[in-house]
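J.: With the input below, show me the fold.
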Amino acid sequence: MKKGLSLLELQIVIAIFGGISLITGAVYFAYTRLINEEKITIEVANQNRNAIDEMTNQIREAQSVAMDCTICGTVSDSSSTVLILALWPIDTNGNLFQPATGEYDYMVYKLDSAPNDTNLIKQIIPNGTTSSRINTSKILSSDVKTILFEYGNASPALASEVTVSLTNEKISFVKTHTYSQQSKASLRNK
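T.: Numbers count the residues shown, from 1 in each chain. Prediction:
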């Protein structure tokens, strides 16, 4: 006569497998959530660092902070939330040259308009027909909570240095990831 499993033994085996499955599933989901949280933290920090480095380098290369930019569209003045840099134009060989009066190229850093107002935009606006710069606009960083520009000498027109404060923030399932950084850069010609 063949012996089989009793109902009680079968229930115990199913309960053991069920318990092991629950523990394995809980560990898997906790590990997945932890990895996702770390990935978001690294992404927010990298976006912030890259944007700060880009702006700092461009400030150091700029001729000056521009107060009046009539060709910059809706933004025409540097402020605490907008930075407009005057750049020497580039000729067809890729060399910088002294522009005619007021014919600098411009680089604008600002937050995009709603509903994309968490994107930090970098715009390059060539001025005059002799510049070989290309008119471009790109997202430098997303998930931006705040951007603040402070100008040495309190006025953008007289600034010899610019302090950039940038805070990125992204909300995941259970946590808010925030990364803030500040950088100070001196304009090379001041």
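J.: immediately after the lowest-mean-pLDDT helix or strand in the chain, which helix or strand?
T.: When the helices and strands of the chain are scored by mean pLDDT, DSSP states H and E, strand 64-65 comes last with a mean of 88. Downstream of strand 64-65, the next assigned helix or strand under DSSP states H and E is strand 83-87.
J.: what pLDDT, on average, does that next one get?
T.: With pLDDT averaged residue by residue, strand 83-87 scores 91.
J.: Pull up the pairing partners for whichever strand or helix holds Val162, direction included.
T.: If you go by DSSP H and E, Val162 is part of strand 161-171. Its sheet considered, strand 161-171 pairs with strand 144-151 (antiparallel), strand 176-186 (antiparallel) by DSSP bridges.
J.: Which secondary structure elements does the least confident helix or strand of the chain sit against?
T.: strand 83-87 (3 or more Cβ pairs under 8 Å, 6 or more residues apart in numbering; DSSP states H and E). (C-beta placed from N, C-alpha, C; glycine too.)
J.: The strand it packs on pairs with which strands?
T.: By DSSP bridges, strand 83-87 pairs with strand 64-65 (antiparallel), strand 105-111 (antiparallel).
J.: Ile20: which of these is closest?
T.: strand 105-111 (50.9 Å; Cβ to Cβ).
J.: Buried deepest among the strands paired with strand 161-171, which one?
T.: Across the strands paired with strand 161-171, averaging neighbours per residue (mean count of other Cβ atoms under 10 Å) puts strand 144-151 on top, at a mean of 17.
J.: Quick one, grab the pLDDT at the residue nearest the centre of the chain.
T.: Relative to the mean C-alpha position of the chain, the nearest C-alpha, by Cα atoms, centre = their mean, is the one of Ser141, at 2.2 Å. Predicted confidence (pLDDT) for Ser141: 92.
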